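> Have a look at this fold, sequence not included:
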């Protein structure tokens, strides 16, 4: 009698599976529809053609004299940069740059902040 009771409960609690919801969706949703905040800003900037929206790609040093310093883009008044002084070096020399104050690295290259505008995304895209 115990097995009959267990079988009856199992049959009553069984549910049918509907494929209708699965068939309506074709593929994955667009990542832009799911993104918010900084991620959405980055995706929109990349769609607009800016592949480095947060100015984080490494830059090649130029001449780097006091009269022609290497320009480092920044949306802020200060920025920390790292200089690999020698080609084969595994050591990075870190220093702070402040707007309006060119700075010389230990290797002799000069750096200066070049002010850039931050990413501004219209409110309609930030939902």
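Perfect, thanks for sending it. On a predicted model such as this, the values are computed, not experimentally measured, just so you know. Numbers count the residues shown, from 1 in each chain.
> all contacts plus neighbour counts: C-alpha atoms, from now on.
OK.
> just the helices in the protein please.
Secondary structure of the chain (DSSP state H): helices located at 2-13, 20-24, 31-34, 37-47.
> can you list contacts of the shortest one?
So the one you mean is helix 31-34. 40, 43-44 (Cα atoms under 8 Å, 6 or more residues apart in numbering).
> would you list those residues in a markdown table and tack on neighbour count, distance to residue 91 and pLDDT?
Listed next are the contacts of helix 31-34 as a markdown table, based on neighbours: other Cα atoms under 10 Å; distance: Cα to Cα, whole Å; pLDDT from 0 to 100:
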| residue | neighbour count | distance to residue 91 | pLDDT |
| --- | --- | --- | --- |
| 40 | 19 | 35 | 86 |
| 43 | 17 | 33 | 88 |
| 44 | 17 | 35 | 87 |
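> could you dump those to CSV with distance to residue 79?
Output for these, formatted as CSV (distance: Cα to Cα, whole Å):
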residue, distance to residue 79
40, 24
43, 24
44, 24
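> Which of those sits closest to residue 89?
Residue 89 lies nearest to residue 43 out of the contacts of helix 31-34, by Cα to Cα, at 34.4 Å.
> wait, what's in contact with that closest one?
The contact partners of residue 43, by Cα under 8 Å, 6+ apart, come to residue 32.
> where in the protein is pLDDT low?
Counting by pLDDT under 70, the chain shows low-confidence ranges at 1-25, 120-127.
> And the strands in it, which stretches?
Taking DSSP state E, the strands of the chain run over residues 70-74, 78-83, 93-98, 103-104, 110-115.
> of all those, which lies closest to residue 36?
Between residue 36 and these, the shortest gap by Cα to Cα is with strand 70-74, which sits at 23.4 Å.
> who touches that closest one?
By Cα under 8 Å, 6+ apart, strand 70-74 touches 55, 61-64, 109-117.
> One more pass at 6 Å, please.
Applying Cα atoms under 6 Å, 6 or more residues apart in numbering, the contact partners of strand 70-74 are 62, 64, 111-116.
> of the residues you listed, buried ones?
Neighbour-count burial (16 or more other Cα atoms under 10 Å) is assigned, among the contacts of strand 70-74, to 64, 111-113, 115.
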